[in-house]
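Participant: can you look at this prediction? I've put the sequence above it.
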Amino acid sequence: MSSLSPSNALHFRRFEKVCEILDRHGRQASKLIPILQEVQAEYRYLPEEVLTYVATSLKLSPAKVFGVATFFAHFALEPKGKYVVKFCDGTACHVKKSNGVIDAVRKRLSLTESKNTTADFLFTVEIVSCLGACGLAPVMVVNEDVYGQMTPEKALAVIEEIVKKEENHGAL
């Protein structure tokens with residue numbers, strides 16, 4: 001790194017993790033989706049400046065990279081919380097009153113339909129069409145953990161458990 005100019009060295013440090021991800025994939029444009037998946041795992045979303053850097057590094061237009069990032073629903077262009085709480089509002093969950101569960105969690109976390117991430121970036125609440133677990137309706141998924149037959153009380157208990165765990169680890 002000593003051969004880099006000071007401005008290039010600063011640029012490299014800023015995107016060091018992204019460079020590692022790009023290198024793991026041989027800086028191949030054909031690996032764009034796995035690259036974006038790893039970048040999102042690192043940052044919990046896809047920052048605009050990182051998407052531009054990825055585009056330049058892969059010799060793709062920024063529009064192409066942004067197009068891929070916005071086409072797939074699992075990519076996020078805004079920061080997400082450490083815990084992403086997904087609620088199903090598909091037919092089975094909706095009929096079994098998922099809205100009451102969603103409302104209770106949003107109220108507890110001081111979130112709204114337009115504000116879905118807590119100020120401390122601990123929680124993000126998302127509403128999805130289907131989580132593929134209709135037999136467990138209403139369903140809530142926290143990161144990769146699936147919770148079925150949710151009630152407002154059960155959902156709030158899960159949230160409180162996470163909050164206590166984070167407080168014990170000094171994260172809050």
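Facilitator: Good, I have the coordinates.
Participant: what about the strands in this protein?
Facilitator: In the chain, the strands defined using DSSP state E lie at 83-88, 123-128, 140-142, 145-147.
Participant: could the ones you listed go into TSV alongside distance to His25 and mean neighbour count?
Facilitator: Yep, even glycine has a C-beta here, placed from its N, CA and C like the rest. Below are the strands of the chain laid out as TSV (distance: least, CB to CB, whole Å; neighbours: other CB atoms under 10 Å):
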stretch	distance to His25	mean neighbour count
strand 83-88	25	22
strand 123-128	27	19
strand 140-142	28	21
strand 145-147	29	14
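Participant: tabulate those (a markdown table), appending distance to Arg24 and mean pLDDT.
Facilitator: Formatted as a markdown table, the strands of the chain follow (distance: least, CB to CB, whole Å; pLDDT from 0 to 100):
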| stretch | distance to Arg24 | mean pLDDT |
| --- | --- | --- |
| strand 83-88 | 24 | 95 |
| strand 123-128 | 27 | 95 |
| strand 140-142 | 28 | 97 |
| strand 145-147 | 28 | 96 |
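Participant: now these in TSV, with distance to Leu22?
Facilitator: Formatted as TSV, the strands of the chain follow (distance: least, CB to CB, whole Å):
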stretch	distance to Leu22
strand 83-88	25
strand 123-128	26
strand 140-142	30
strand 145-147	31
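Participant: so which of these comes closest to Thr52?
Facilitator: strand 123-128 (23.7 Å; CB to CB).
Participant: what's the closest one packed up against?
Facilitator: strand 83-88, helix 98-108 (3 or more CB pairs under 8 Å, 6 or more residues apart in numbering; DSSP states H and E).
Participant: contacts for it, please.
Facilitator: 80-90, 102, 105-106, 109, 111, 116-118, 159, 162 (CB atoms under 8 Å, 6 or more residues apart in numbering).
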